[in-house]
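J.: Below is the sequence, then the predicted model.
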Amino acid sequence: MNSKVKNPSLAPQGRLKIEWAESRMPVLMKLREEAKKTLPLKGMRIAGCLHVTKETAVLIRTLKAAGAEVSWSGCNPLSTQDDISAAIADEGVSIFAWHGMSKEEFYWAIEQTLAFKPTLTLDDGADLIFTVHSKFPQMAKDIIGGTEETTTGVHRLRAMAQDGALKYPVIAINDAETKWDFDNVYGTGQSSIDGIVRATNVLLGGKVFVVAGYGHCGRGCAMRAKGMGARVVVTEITPTHALKAVLEGFEVMTMDQAAKIGDIFITATGMKDIIVQRHFESMKDGAIVSNTGHYDCELNLDDLKKASKNIREVRPNNEEYTLKNGKKVYVLAQGRLVNLAAAEGHPSEVMDMSFANQFLGMVRLAKEGKSMKPIVHDIDPAQDQEIASIKLAALGMSIDKLTPEQAKYANDYSAGT
Ligand code: ADE
């Protein structure tokens, strides 16, 4: 197998971490056991472009157990965990991923996975699909379909489909309730705080913690920061989101106002230029800025560089910018996903459900993809309930069932007050 990883000797350490994740991913493990018997992905060649973490390794093992051949690259230059990529390579997967790759190496790695002539693509951020469409459009006719993991990727693919530019069907994994309502909220909330703490070890209690964007990810960050005693401030552009934040007890203001009072900032908007030069210049001395959105454009670091006279690394994933006005601003993980670059990403328990959706998405495409339209498809809502039921059972929880009378009542429009 053709692979490129940083240090193959890290494989045993990676395997231990993967085992740890497997013990916390009961849904995916159950799907794996079933798939070993039925081999629903037999004959499929899957190219994946998604963060190389222990949880992703559990997904890769499951895809292989279901009969697929797999080739992989990371979907962010800073998120690959080198011990995991070594373990995956050691298990016979073609993987091209190491921590700290350059932009050129990042796209080179994606192209290596395409050399494998995939029949299915699995994305987080849509870089693999974009590469097929922009550089290798002739490959699209042999690709049955793809899946997309994240909010930003789905948004862009829907825009592409609307323009008639999408050449094969894509399933929006992000839009599964068992993905966005868990991974985006609780996963992002915990792992982003984890990244900030690992990179700084600052006390969150009493700090003014500014969250830009009160979508699902921002809500998770705000909720967890509040739980650790921070005073949370939210900035927004959508009135309904802002109002939800107010009713949750958070202060809402513009970034121009928040920049002056924040101690710690996190962007979770999916939009560029959330924090720009005038914001950096008005920040308090010692302010800490980070991003948890998929792309690294939310903090305008070119602006910050222009406003600075000195930059030095003061801790891993923590760079001190000394501004020309004398104040210091600390940027975590170079403005890339702080939860994956400075910590380990979302915990296994939530990735279990996200990746169960990925796995079932691949199985559906293998079965039905050839007859699906080249647009963005939602997952079947029954899949959400199946995944949630397996998860509940694994947690040892039981729920009630409607009685026949209740089921009848639910659809009875003849009964009023
Ligand atoms: N995205 C966020 N957390 C992740 C994780 N642990 N593994 C893969 N992708 C992720």
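T.: Cool, the structure landed.
J.: remind me which residues of the protein are low pLDDT?
T.: Within the chain, the stretches with pLDDT under 70 are 1.
J.: how's it carved up into domains?
T.: Following automatic domain parsing, one gets these domains for the chain: 8-181+346-394, 187-341.
J.: so which of those gets nearest the ligand?
T.: domain 8-181+346-394 (3.5 Å; C-beta to the nearest ligand atom). C-beta coordinates here come from the backbone N, C-alpha and C atoms, glycine included.
J.: now check that closest one, is it near the ligand?
T.: Yes - looking at domain 8-181+346-394 against the ligand by C-beta under 6 Å from any ligand atom, the contacts come from 50-51, 53, 55-56, 346, 351.
J.: Identify the farthest-apart pair in those residues.
T.: The span of these, defined through C-beta to C-beta, is set by Leu50 and His346 at 12.3 Å.
J.: Next, give phi and psi for Pro381.
T.: Note on Pro381: backbone dihedrals following degrees, to the nearest 10 are phi -60, psi -30.
J.: Leaving aside the residues adjacent along the chain, what's closest to it?
T.: Glu177 (7.7 Å; C-beta to C-beta, 6 or more residues apart in numbering).
J.: Surely the one you found touches Asp384?
T.: Yes - counting by C-beta atoms under 8 Å, Glu177 does reach Asp384; the two are 4.6 Å apart.
J.: what do these two both touch?
T.: Counting by C-beta atoms under 8 Å, 6 or more residues apart in numbering, Glu177 and Asp384 have no shared contacts at all.
J.: I'd guessed Asn7 sits against Ala86; true?
T.: Yes - judged on C-beta under 8 Å, Asn7 makes contact with Ala86 at a distance of 6.0 Å.
J.: Looking at these two, which one has more neighbours?
T.: More crowded of Asn7 and Ala86, by other C-beta atoms under 10 Å: Ala86, with 25 against 12.
J.: On the three-state scheme, the more buried one is what?
T.: Of the three states, Ala86 takes helix according to DSSP: H, G, I helix; E, B strand; the rest coil.
J.: now what about whichever helix or strand Lys391 is part of, what contacts it?
T.: Using DSSP states H and E, Lys391 maps to helix 381-394. With C-beta under 8 Å, 6+ apart as the contact definition, helix 381-394 has outside contacts at 26-27, 30, 176-178, 352-353, 356-357, 360, 398-399.
J.: rerun that using 6 Å as the cut-off
T.: 26-27, 30, 176-178, 353, 356, 360 (C-beta atoms under 6 Å, 6 or more residues apart in numbering).
J.: chain center to that helix: distance?
T.: Its chain's C-alpha centre and that of helix 381-394 lie 21 Å apart, by C-alpha atoms, centre = their mean, to the nearest Å.
J.: what's the next secondary structure element after it?
T.: helix 404-410.
J.: Please report how far the closest residue to the ligand within the chain lies from Lys309.
T.: Proximity of the chain to the ligand (C-beta to the nearest ligand atom) peaks at Gly345, 2.8 Å away. The spacing between Gly345 and Lys309, counted by C-beta to C-beta, to the nearest Å, is 34 Å.
J.: Look at the two and report which has more neighbours.
T.: More neighbours surround Gly345 than the other of Gly345 and Lys309, with 24 against 10 (other C-beta under 10 Å).
J.: For the nearest residue to the more buried one once chain neighbours are set aside, the count of nearby residues, please.
T.: In space, Gly345 comes closest to Thr53 once its chain neighbours are excluded; the distance is 4.9 Å by C-beta to C-beta, 6+ apart. Using other C-beta under 10 Å, Thr53 is surrounded by 24 other residues.
J.: now do Thr178
T.: Quick note: Thr178 (other C-beta under 10 Å) scores 24 neighbours.
J.: show me the contacts for it.
T.: The contact partners of Thr178, by C-beta under 6 Å, 6+ apart, come to 353, 384, 387-388.
J.: which pair in these spans the largest distance?
T.: Met353 and Asp384, at 9.0 Å, using C-beta to C-beta across the contacts of Thr178.
J.: Have a look at these two and say which one is more surrounded.
T.: Met353 (25 against 18).
J.: Check which helix or strand the closest residue to that one other than its chain neighbours maps to.
T.: Distances taken as C-beta to C-beta, 6+ apart put Thr178 closest to Met353, at 4.4 Å, once the chain neighbours are dropped. Taking DSSP H and E as the definition, Thr178 sits inside helix 177-179.
J.: for the residue nearest the centre of the chain, phi and psi?
T.: Closest to where the C-alpha atoms of the chain average out (C-alpha atoms, centre = their mean) is Thr150, at 5.6 Å. When read as degrees, to the nearest 10, the backbone of Thr150 gives phi -120, psi 160.
J.: Correct me if wrong: it contacts Asp123.
T.: No - at 8.3 Å, Thr150 does not count as touching Asp123 under the criterion of C-beta atoms under 6 Å.
J.: Can you list phi and psi of Thr240 for me?
T.: Here Thr240 shows phi and psi, under degrees, to the nearest 10, equal to phi -70, psi -40.
J.: Give the next helix or strand downstream of the biggest helix by length in the chain.
T.: If you go by DSSP state H, the chain has its longest helix at helix 348-368. Where DSSP H and E defines the elements, the next helix or strand beyond helix 348-368 is strand 376-377.
J.: Summarise which helices and strands that following strand is packed against.
T.: Judged by 3 or more C-beta pairs under 6 Å, 6 or more residues apart in numbering; DSSP states H and E, strand 376-377 is in contact with helix 151-162, strand 170-172.
J.: Determine which stretch of the ones you listed is the most buried.
T.: strand 170-172 (a mean of 27; mean count of other C-beta atoms under 10 Å).
J.: Thanks again, I'm all set now.
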